[in-house]
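Colleague: okay, sequence plus prediction incoming.
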Amino acid sequence: MERPAYPSDVSREQFESIRGTLEAARRKTRPRKHDLYDVFCAVLYFLHTGATWRSLPAGFPPWRTVHEYFTQWNMQREGERTLLENALDALGREPEATQLRRLLYGH
């Protein structure tokens, strides 16, 4: 089932430019059940709208899955920025990056 497009989505082409950054968070153990593009767009939706995890629209992967990726992508790496911060900055998604920093650092 194809999900509807949302204003917060990025294009597949834009996503491919940051896929490697996001994949660095997880060792390859078994095939993914959900398209990483849809997981990333769900995170963007969450940051863009300020929605709660449980209120992610149908069509996105389950909220628990999206939240788990969000957590992995935001693990601190010895004083470095998180993978998600780097991905958002690489895409020029300043509003979402600002919201992420508010959530992570309280500013």
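Modeller: Yep, that arrived. Keep in mind that what you see is a predicted model, and the values were worked out from it rather than measured. Residues are numbered from 1 along each chain as shown.

Colleague: now do the contacts for Arg19.
Modeller: Leu36 (Cβ atoms under 8 Å, 6 or more residues apart in numbering). (Glycine included, C-beta is placed from N, CA and C.)

Colleague: just the pLDDT at it, thanks.
Modeller: Predicted confidence (pLDDT) for Arg19: 93.

Colleague: do Asn86 as well
Modeller: On the pLDDT scale, Asn86 gets 93.

Colleague: surely it and Ala24 touch.
Modeller: No: applying Cβ atoms under 8 Å as the test, Asn86 and Ala24 come out as separate, 9.6 Å apart.

Colleague: do a quick rundown of the helices in the protein.
Modeller: 12-23, 36-49, 63-73, 83-91, 94-105 (DSSP state H).

Colleague: measure Thr71 to Arg101 for me?
Modeller: 16 Å (Cβ to Cβ, to the nearest Å).

Colleague: higher neighbour count, these two?
Modeller: Neighbour totals were compared for Thr71 and Arg101, and Arg101 leads with 15 against 11 (other Cβ atoms under 10 Å).

Colleague: for Gly59, give me its contacts.
Modeller: 1-4, 38.

Colleague: between those residues, which is closest to Arg12?
Modeller: Ranked by distance to Arg12 (Cβ to Cβ), the contacts of Gly59 are led by Asp38 at 10.6 Å.

Colleague: burial count for that closest one?
Modeller: Asp38 has 17 nearby residues by other Cβ under 10 Å.

Colleague: per-residue confidence at it?
Modeller: Confidence score, pLDDT, at Asp38: 95.

Colleague: switch to numbering from 42
Modeller: I'll keep to 42 as the first residue from here, and by that count the last item is Asp79.

Colleague: measure it to Tyr86 for me?
Modeller: 10 Å.

Colleague: can you pull the residues that touch both of the two?
Modeller: Common contacts of Asp79 and Tyr86 (Cβ under 8 Å, 6+ apart): Phe101.

Colleague: that'll do, ta.
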